[in-house]
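**Student:** Got a predicted structure here, sequence first:
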Amino acid sequence: MEPETTVLSTQLTRFCRSALPWGGGGQVTGLTRLTDGWESEVYSFTVESADGRERRDLILRMFPGSVESDPAGKCAREYRILEKLGRLGYPVPRVYAIDAGGSGLGRPSFVMEKINGPTADALFLCSAPEARRGLVTMFAELLADLHALDARHFEPEAPLFALSNLDAGWSGPLRGWTERFSQPGFGPVIDWLERRAVSVGRRPPALIHLDFHANNILMQDGRPHVIDWTSAGLSDPRVDLAWTSLLMGGDEVWSLVRADYERKAGYAITDFDFFEVFACLRRLFSVSVSLTHGADKLGMRPGAEANMRQAMGQMGRIYQLLLDRCGVAIPEVEAMLPRA
């Protein structure tokens, strides 16, 4: 075990003994780093009772980032959203204890249930065609069920995102971000969104996940569990759909997801080009700012820039989609993409 992990294991043992009702006198074992995502660090571990009769597999989520990006607030919001989703019967892991200020674990963190099973993506890849079709339907219905929840349950916790409504002044925060981080080339894309917004049909805000993909669905005993709610907030559900489409690459599987979603939700997805352009802008802007100013300035994990540089091929595809939908070039993006 590396020195940093050894220190964390000691801190985590102390935290679990004080914060978990069944953790008193227990010992943390098997602490293992699972992922270094763009916005959080995830560890798995086991708590064993003092008499050795009970063992529980758990997950530790830690939120790095600069103070100005408010990792403590992000940690607390995700924890409370997971609590409420669980009470409403939406399939998420149980949460057990939080250290929002990081006084016990060194950084804002919380402990949650570990789902021991494959991702929906891994299951999809090894399944027969008929089973794959069922997994696509499950995926789409999970997203539709999320958007059907009463958003008022989450108003105290979930932030209200751009496009939650398109009333006068809706684009002001977007322009504020481009000015704050000196990214003027994104302004013409916002101009296009403002012009297009006039004809976009409205939908009431829903709780959106904003990172909904098959690797964020874990399967255990045949049941799905949706994880990674760091980006969750309230907005038009088409913001979620456009982001998921972007992550999937808009391929034929996305067409099936869209059809199943529309069937379950009971309405057709309209004005999707508008939300696709917004999703492209959001993705490209976050990468451009991170590579220029540092990922921690946007509340991401320090060092996430390396992951972003490895994803430049994907950024190129996203930029091409934006050009196809609105025809507006962004100098900052063209400068960061590798030359053909």
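**Tutor:** Structure's in. What do you need?
**Student:** how about the strands in the stretch 101-250 of the chain?
**Tutor:** Assigned by DSSP state E, counting those that start in this stretch, the stretch 101-250 of the chain shows strands spanning 109-113, 206-208, 217-220, 223-226, 233-235.
**Student:** which residues touch the last one?
**Tutor:** The contact list for strand 233-235, computed with Cβ atoms under 8 Å, 6 or more residues apart in numbering, reads 151, 154-155, 158-164, 205-208, 210. Bear in mind the C-beta positions are built from the backbone N, C-alpha and C, glycine included.
**Student:** So which of these is the closest to Ser103?
**Tutor:** Nearest to Ser103 among those is Pro159, at 24.4 Å by Cβ to Cβ.
**Student:** so how far does stretch 90-97 reach from one end to the other?
**Tutor:** With Cα to Cα, to the nearest Å as the measure, stretch 90-97 spans 19 Å from end to end.
**Student:** how far is that stretch from where the chain is centred?
**Tutor:** 16 Å (Cα atoms, centre = their mean, to the nearest Å).
**Student:** before we move on, back to that, just name the lowest-scoring one in the contacts of strand 233-235, pLDDT-wise.
**Tutor:** Ranked by pLDDT, the contacts of strand 233-235 bottom out at Ala162 (85).
**Student:** Of the contacts of strand 233-235, just the buried ones, ChimeraX syntax please.
**Tutor:** In ChimeraX, a selection of the buried entries from the contacts of strand 233-235 looks like this (16 or more other Cβ atoms under 10 Å):
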select :151,154,158,161,162,163,164,205,206,207,208,210
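**Student:** what's the helix or strand for Thr32?
**Tutor:** Assigned by DSSP states H and E, Thr32 belongs to strand 27-36.
**Student:** Whichever helix or strand comes after that strand - contacts with which helices or strands?
**Tutor:** Counting by DSSP H and E, the next helix or strand C-terminal to strand 27-36 is strand 41-48. Counting contacts by 3 or more Cβ pairs under 8 Å, 6 or more residues apart in numbering; DSSP states H and E, strand 41-48 packs against helix 3-19, strand 27-36, strand 55-62.
**Student:** what comes up buried for the second one?
**Tutor:** By neighbour count, and taking 16+ other Cβ under 10 Å as the criterion, the buried residues in strand 27-36 are Val28, Leu31.
**Student:** Kindly report the same for the first one.
**Tutor:** For helix 3-19, burial by neighbour count (16+ other Cβ under 10 Å) applies to Leu8, Ser9, Gln11, Leu12, Thr13, Phe15, Cys16, Arg17, Ala19.
**Student:** that older thread, mean pLDDT and distance to Gly101 added to the helices and strands packed on strand 41-48, as a markdown table?
**Tutor:** Below are the helices and strands packed on strand 41-48 laid out as a markdown table (pLDDT from 0 to 100; distance: least, Cβ to Cβ, whole Å):
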| stretch | mean pLDDT | distance to Gly101 |
| --- | --- | --- |
| helix 3-19 | 88 | 12 |
| strand 27-36 | 87 | 20 |
| strand 55-62 | 94 | 13 |
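**Student:** I'd like to know the phi and psi angles of Leu163, please.
**Tutor:** phi 70, psi 10 (degrees, to the nearest 10).
**Student:** show me the contacts for it.
**Tutor:** Trp170, Ser235, Asp236, Arg238, Val239, Phe275, Phe278.
**Student:** Mind doing that once more with 7 Å?
**Tutor:** Shown in contact with Leu163 (Cβ atoms under 7 Å, 6 or more residues apart in numbering): Ser235, Asp236, Val239, Phe278.
**Student:** and the first one, how many residues sit next to it?
**Tutor:** It stands for Ser235. 25 (other Cβ atoms under 10 Å).
**Student:** Ala131 versus the closest residue to it other than its chain neighbours, what's the distance?
**Tutor:** Among residues not flanking Ser235 along the chain, Phe161 sits closest, at 3.9 Å (Cβ to Cβ, 6 or more residues apart in numbering). Note on Phe161: its distance to Ala131, by Cβ to Cβ, to the nearest Å, is 35 Å.
**Student:** Nice, that's everything, thank you.
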